[in-house]
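Novice: What follows is a protein structure lacking sequence information:
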């Protein structure tokens, strides 16, 4: 997929001379304009002097680290899509970077194909980001974002957080009681992301027997077990290029959580009974109606899996916490359910009882 566009500028901040020159040559060969700097201070100076489309930022740099650069970008109110580059053992720093506003992170050695796909997505998305952000802010002001509805402070907080994190590829955990709209929040995140044209796949970890869960997630080869008469793709493969929602994540058996963590981190899987690795490009969202901290204490949820998934947390409020949204919700439900030409009547007495 070509990213060629001479008008698009990449700011590259990498302290290793050999790596910096190799990446500059690669990016230039894709038709991009590249400004390369060797430390964090120079990166900030370059941001002051120009408006790059993307910043490729190494986390481990002298004078000022990548995290310090991100903090300064945030403090100055600068707007630049940032992809951080991290070493093998620096996952915690990469997660911090995403929380500070980085779009995504790549591990060294950087896979050129993955970098190219990522830049394609970013540059395509950036063309419409500013206008879409303006329209989304108007919708939030009117109490709507996707299928989410509400003018209360609680729902505005949810909408603003979704609007903030949707453009990222970061994993998100959505918490809240049953019926609070966790699935709607996940679908809205997908619909506002660069993956919106890709598939959205949801799997309820509590509704599938343990014996079938691994196959449902990762797929299986023919003959992998009794009854496996053909190859079948799992949810990860079905969601490739899009978003996967793992609902009730804490109900998955702990042994399978270890395999899930490995697939998320390595971005590839092997089907049950298979030897061939399948490359993945999936954004993973997780949801739970349980107390997550309690699930970790009880050993029902692996702490390392939680740490990997919990880049952002969105807590969906119970309706009792935003009762002022009930009239707005009723209007929408009545509008959807009423047949064409029928009166849409909802008495004040009935509304008062619901409130």
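Specialist: Okay, I see it. Predicted model, so just to flag it, every value in this text is computed and none were measured.
Novice: the helices in the stretch 51-200 of the chain, which residues?
Specialist: Using DSSP state H, counting those that start in this stretch, the helices of the stretch 51-200 of the chain run over residues 66-76, 91-99, 112-141, 153-165, 182-191.
Novice: by contact count, what packs against the second one?
Specialist: Meaning helix 91-99. helix 66-76, strand 81-86, strand 104-107, helix 303-309 (3 or more CB pairs under 8 Å, 6 or more residues apart in numbering; DSSP states H and E). C-beta: built from backbone N, CA, C; applies to glycine.
Novice: right, and the helices of the stretch 51-200 of the chain - which one's nearest residue 303?
Specialist: helix 91-99 (12.7 Å; CB to CB).
Novice: I'd like the average pLDDT over the closest one.
Specialist: The average of the pLDDT scores along helix 91-99 is 81.
Novice: Can you pull out the residues in contact with that helix?
Specialist: With CB atoms under 8 Å, 6 or more residues apart in numbering as the contact definition, helix 91-99 has outside contacts at 59, 66-67, 70, 82, 84, 86, 104-105, 107, 168, 170, 265, 307-308, 311-312.
Novice: rerun at 7 Å
Specialist: For helix 91-99, contacts defined as CB atoms under 7 Å, 6 or more residues apart in numbering pick out 59, 66-67, 70, 84, 86, 105, 168, 170, 311.
Novice: Also stretch 173-184?
Specialist: 147-148, 185-186, 202, 285-289, 292, 309-310, 313-318.
Novice: how far does it sit from the chain's center?
Specialist: 16 Å (CA atoms, centre = their mean, to the nearest Å).
Novice: these two touch, right, residue 326 and residue 355?
Specialist: Yes: using CB atoms under 7 Å, residue 326 is in contact with residue 355, at 5.6 Å.
Novice: more neighbours, the two?
Specialist: residue 326 (15 against 10; other CB atoms under 10 Å).
Novice: From residue 177, how far out is that one?
Specialist: Relative to residue 177, residue 326 is positioned 16 Å away (CB to CB, to the nearest Å).
Novice: for residue 331, same thing?
Specialist: 23 Å.
Novice: repeat for residue 10
Specialist: 44 Å.
Novice: quick one, the host helix or strand of residue 330 and helix 153-165 angle?
Specialist: Secondary structure from DSSP states H and E places residue 330 in helix 326-337. Orientation of helix 326-337 against helix 153-165 (axes from the mean of the first three to the mean of the last three CA atoms, to 10 degrees) gives an angle of 70 degrees.
Novice: what's in contact with helix 326-337?
Specialist: Residues from elsewhere that reach helix 326-337 (CB under 7 Å, 6+ apart): 143, 149-151, 344, 346, 351, 354-355.
Novice: Closest to residue 269 out of the residues you listed?
Specialist: The closest of the contacts of helix 326-337, once distances to residue 269 are taken by CB to CB, is residue 149, at 36.9 Å.
Novice: In contact with that closest one, which residues are there?
Specialist: By CB under 7 Å, 6+ apart, the residues touching residue 149 are 143, 325, 328-329, 332.
Novice: got a markdown table for those, with neighbour count, distance to residue 26 and pLDDT too?
Specialist: A markdown table is the format used below for those (neighbours: other CB atoms under 10 Å; distance: CB to CB, whole Å; pLDDT from 0 to 100):
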| residue | neighbour count | distance to residue 26 | pLDDT |
| --- | --- | --- | --- |
| 143 | 17 | 46 | 72 |
| 325 | 18 | 50 | 92 |
| 328 | 17 | 51 | 88 |
| 329 | 14 | 51 | 90 |
| 332 | 14 | 50 | 83 |
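Novice: would you list those residues in JSON lines and tack on distance to residue 275?
Specialist: Shown next, in JSON lines, are these (distance: CB to CB, whole Å):
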{"residue": "143", "distance to residue 275": "52"}
{"residue": "325", "distance to residue 275": "52"}
{"residue": "328", "distance to residue 275": "54"}
{"residue": "329", "distance to residue 275": "51"}
{"residue": "332", "distance to residue 275": "51"}
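Novice: Show the buried residues in the contacts of stretch 173-184.
Specialist: Among these, those buried by neighbour count (16 or more other CB atoms under 10 Å) are 148, 185-186, 202, 285-289, 292, 309-310, 314, 316-317.
Novice: Bridged to the residue nearest to residue 204 when sequence neighbours are not counted, which residues?
Specialist: Leaving aside its chain neighbours, residue 204 sits nearest to residue 247 (4.6 Å; criterion: CB to CB, 6 or more residues apart in numbering). On the basis of DSSP bridges, residue 247 is bridged to residue 204, residue 287.
Novice: Cross-check the contact I'm expecting between residue 247 and residue 201.
Specialist: No: under the criterion of CB under 7 Å, residue 247 is not in contact with residue 201, lying 10.8 Å apart.
Novice: ok, the residue nearest to residue 204 - contacts?
Specialist: 202-205, 287.
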